[in-house]
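Asker: Take this sequence and fold it.
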Amino acid sequence: MSAAHRCDRAVAWTALQGHYQAHGKALDLREAFARDAGRFEAFAVEAPHVFADLSKNRWDLATKKLLLDLARECGLEARRDAMLAGEPINTTEGRAVLHTALRAPAGQAPFSAEVHEVLNRMLAYVETVRDTAASGIRHVVNIGIGGSDLGPQMVVPALDAFVHPAITMHFVSNVDGHDIAPVLRGLKPAETLFIVASKTFTTQETMANAQVARDWFVANGGTDVGRHFVATTTNIEAAARFGITTTFGFWDWVGGRYSLWSAIGLPIAIAIGSEHFRALLAGAHAMDRHFATAPLEANLPALLGLLDVWYRNFHGFGSRSVAPYHQGLKRLPAYLQQLEMESNGKQVDLDGEPLPYGTSPVVWGEPGTNGQHAYFQMLHQGTDVIPVEFIAVKTPTHPHADLQRKLLANCLAQSQALMQGKATDAALGEKAPTASASLDPQTVARHRTFPGNRPSTTLLLERLTPESLGALIALYEHRVFTSGVVWGINSFDQWGVELGKALCNDLLPRLASGDTAGLDASTAGLLKRLTSA
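Answerer: Residues are numbered from 1 along each chain as shown. Just a heads-up that it's a prediction; the model follows:
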């Protein structure tokens, strides 16, 4: 597709620049709420399994309208429909982008027969593993990296309440032996199933760890590699040479960071079972239908993606913090780092032309309330404005109601504090027991001043279930797609991963030989230090 509809060439872009200078730059959230008693309702959006409060963001109805104009002018709806129809919108690789087909009911998406054949076969296998009395399996080790690791490693703890009580899940990704060694230390071959997750069965880190696992298995008395190793891969021949006889494949239109819905979700399915895995898919499909059919004015993924453009390109905010107030979502920020930064961390448009504006923000975070005692100081009083995304779950799966009330109160308090801040006069009128007695009150008050007017979004889930988690993940996928379309980039390739891999293959034998010929001085110097006796 051409980049003819790139955002900076749109009429709405120019209008947004004028609007930002006249109104958006100086918008104060405290004044906006004081002027409009209905602001919360005006910026509330309901989507499947997710309620969003967008009212604490630095925008008004005029901003929203101009952003929607921009989305239409950039062809968001047409490009969305092209993706869902299976057109090859991943232009640099000539591929379709059809992770949505992986969670669609039978007959409702492209490649449906192939998708459901693999799904049904995989879920039948899952139930044989989950029958621990017959299988003997007590531990499952998923060996993958990137999307083959981050998705399952995020979902399994999130759905802990639904996990098989007799099976412990482990995840190994880093080629650093300190990752796999402590996992293997506590295992027995007869009780362990290894999943080797690599589309090509050539991923360096994954195959190195898989070889370590097989060597450990054999050395410790394991006698049936074919029974205790399974692969999620398209390279059946290579898996067979490894000794694996059970494989589940997927397709080149499944990108790694969008693959947890495919056979890469095997460890998820083993953990939560077939019924709950299908519910995870159903929740994502419900969000797919929302994105496909809801008018843009009420389309939550589209609105979040447009807010990202507003903040990145007009306010100049280069970072966004994700703060899930649910311990089960502790790996969500890491998962979203790959989803967004690998997708939209691009510097050229679809035609290969350099971009004159920023694309992906830095995405980072920690669960609340831990983050409050780590980096929230900078969010409240630092020199950079960083939009924050709070994710709260109304009903817990644990019985500790008092803890849940404290957690939710903290979540609400942090978004309120970011917006309201604290004036110096207010700080001056308060007692600060830990303040130094040698400082004058005015100085202490300035240290205890919070600027406020710091934007945040709050996403609310009724419960964290397979359905609601599926919807939440799909929401983020379509949000990233939206901002990518507006920026005129290809969100579905990742060439930035390749260069380091190629250079690694050159350096690996040098670490054995010590050869530094042709290297830059820094790399040569470091290699000498690493190879010296």
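Asker: Who are the packing partners of the top helix by length along the chain?
Answerer: Secondary structure assigned by DSSP state H gives helix 466-487 as the longest helix of the chain. Where contact means 3 or more Cβ pairs under 8 Å, 6 or more residues apart in numbering; DSSP states H and E, helix 466-487 is packed against strand 50-53, helix 61-73, helix 76-85, helix 147-158, helix 274-293, helix 300-310, helix 343-344, strand 456-463. For glycine as for every other residue, the C-beta is placed from the backbone atoms N, C-alpha and C.
Asker: Going by neighbour count, list what's buried in the third one.
Answerer: When you say that, I think you mean helix 76-85. In terms of neighbour count (16 or more other Cβ atoms under 10 Å), helix 76-85 has its buried residues at Leu76, Glu77, Arg79, Arg80, Ala82, Met83, Leu84.
Asker: Next one: the last one from Asn299, what distance?
Answerer: With distances taken as Cβ to Cβ, to the nearest Å, Leu84 is found 14 Å from Asn299.
Asker: ditto for the fourth one
Answerer: When distances are taken as Cβ to Cβ, Arg80 and Asn299 turn out to be 10 Å apart.
Asker: Give the residues shared as contacts by those two.
Answerer: Shared contacts of Arg80 and Asn299, defined by Cβ atoms under 8 Å, 6 or more residues apart in numbering, comprise Phe291.
Asker: Make JSON lines out of the helices and strands packed on helix 466-487 and add distance to Asp402 and mean pLDDT.
Answerer: Output for the helices and strands packed on helix 466-487, formatted as JSON lines (distance: least, Cβ to Cβ, whole Å; pLDDT from 0 to 100):
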{"stretch": "strand 50-53", "distance to Asp402": "24", "mean pLDDT": "98"}
{"stretch": "helix 61-73", "distance to Asp402": "39", "mean pLDDT": "98"}
{"stretch": "helix 76-85", "distance to Asp402": "44", "mean pLDDT": "97"}
{"stretch": "helix 147-158", "distance to Asp402": "23", "mean pLDDT": "96"}
{"stretch": "helix 274-293", "distance to Asp402": "29", "mean pLDDT": "98"}
{"stretch": "helix 300-310", "distance to Asp402": "32", "mean pLDDT": "98"}
{"stretch": "helix 343-344", "distance to Asp402": "40", "mean pLDDT": "98"}
{"stretch": "strand 456-463", "distance to Asp402": "19", "mean pLDDT": "98"}
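Asker: picking that back up, tell me how far the helix or strand that the longest helix of the chain is followed by lies from the chain's centre.
Answerer: Next helix or strand after helix 466-487 toward the C-terminus (DSSP states H and E): helix 498-513. Centroid displacement of helix 498-513 relative to its chain, using Cα atoms, centre = their mean, to the nearest Å, is 29 Å.
Asker: Give me the pLDDT for Glu498.
Answerer: At Glu498, the pLDDT value in this model is 87.
Asker: isn't Thr369 right next to Asn410, touching?
Answerer: Yes. Thr369 is within contact range of Asn410, at 5.0 Å (criterion: Cβ atoms under 8 Å).
Asker: So between these two, which is more surrounded?
Answerer: Thr369 (18 against 15; other Cβ atoms under 10 Å).
Asker: Identify the residues contacting that one.
Answerer: Thr369 sits next to Tyr325, Leu407, Asn410 when contact means Cβ under 8 Å, 6+ apart.
Asker: From Leu76, how far out is it?
Answerer: In this view, Thr369 and Leu76 are 37 Å apart by Cβ to Cβ.
Asker: leaving aside the residues next to it on the chain, what's closest to the residue nearest to the spatial centre of the chain?
Answerer: Centroid check for the chain by Cα atoms, centre = their mean gives Leu336 as the closest residue, at 1.8 Å. Sequence neighbours aside, Val363 is the residue nearest to Leu336 in space, at 5.2 Å (criterion: Cβ to Cβ, 6 or more residues apart in numbering).
Asker: and the one you found, how many residues sit next to it?
Answerer: 23.
Asker: Would it be right to say that it lies in a helix?
Answerer: No. Counting by DSSP: H, G, I helix; E, B strand; the rest coil, Val363 is not found in a helix; it is strand.
Asker: which residues touch the closest residue to Tyr335 other than its chain neighbours?
Answerer: Ranked by Cβ to Cβ, 6+ apart and with sequence neighbours excluded, the top spatial neighbour of Tyr335 is Met154, at 4.1 Å. Applying Cβ under 8 Å, 6+ apart to Met154 gives the contacts Leu329, Arg331, Leu332, Ala334, Tyr335.
Asker: Next one: the residue nearest to Leu336 from Gly421, what distance?
Answerer: Taken as Cβ to Cβ, the span from Val363 to Gly421 is 24 Å.
Asker: How far off centre is stretch 257-267?
Answerer: Centroid separation for stretch 257-267 versus its chain: 14 Å, with Cα atoms, centre = their mean.
Asker: How much space separates the residue nearest to Leu469 when sequence neighbours are not counted from Gln404?
Answerer: Residue nearest to Leu469 in three dimensions, not counting chain neighbours: Ala158, with 5.6 Å by Cβ to Cβ, 6+ apart. Distance of Ala158 to Gln404, computed by Cβ to Cβ: 16 Å.
Asker: in what helix or strand does Asn410 lie?
Answerer: helix 401-420.
Asker: For that helix, enumerate the helices and strands it packs against.
Answerer: Other helices and strands packing on helix 401-420, by 3+ Cβ pairs under 8 Å, 6+ apart, are helix 29-35, strand 319-325, helix 376-381, strand 388-395, strand 456-463.
Asker: hmm, try it at 6 Å
Answerer: strand 388-395, strand 456-463 (3 or more Cβ pairs under 6 Å, 6 or more residues apart in numbering; DSSP states H and E).
Asker: in it, what counts as buried?
Answerer: By 16+ other Cβ under 10 Å, the buried positions in helix 401-420 come out as Gln404, Leu407, Leu408, Cys411, Gln414, Ser415, Ala417, Leu418, Met419, Gln420.
Asker: swap in stretch 104-112?
Answerer: Ala104, Ala109, Pro110.
Asker: Ok, stretch 314-330 next?
Answerer: Within stretch 314-330, the residues scored as buried using 16+ other Cβ under 10 Å are 314-315, 317, 320-330.
Asker: out of those residues, which one sits closest to Leu54?
Answerer: Closest approach between the buried residues of stretch 314-330 and Leu54, by Cβ to Cβ: Arg320, at 14.0 Å.
Asker: any idea how far that closest one lies from Phe111?
Answerer: The value you get for Arg320 to Phe111, if Cβ to Cβ is used, is 34 Å.
Asker: same thing with Pro295?
Answerer: 29 Å.
Asker: still on that earlier bit, could you dump the buried residues of stretch 104-112 to JSON lines with distance to Val225, secondary structure and pLDDT?
Answerer: Output for those, formatted as JSON lines (distance: Cβ to Cβ, whole Å; DSSP: H, G, I helix; E, B strand; the rest coil; pLDDT from 0 to 100):
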{"residue": "Ala104", "distance to Val225": "35", "secondary structure": "coil", "pLDDT": "98"}
{"residue": "Ala109", "distance to Val225": "36", "secondary structure": "coil", "pLDDT": "96"}
{"residue": "Pro110", "distance to Val225": "36", "secondary structure": "coil", "pLDDT": "96"}
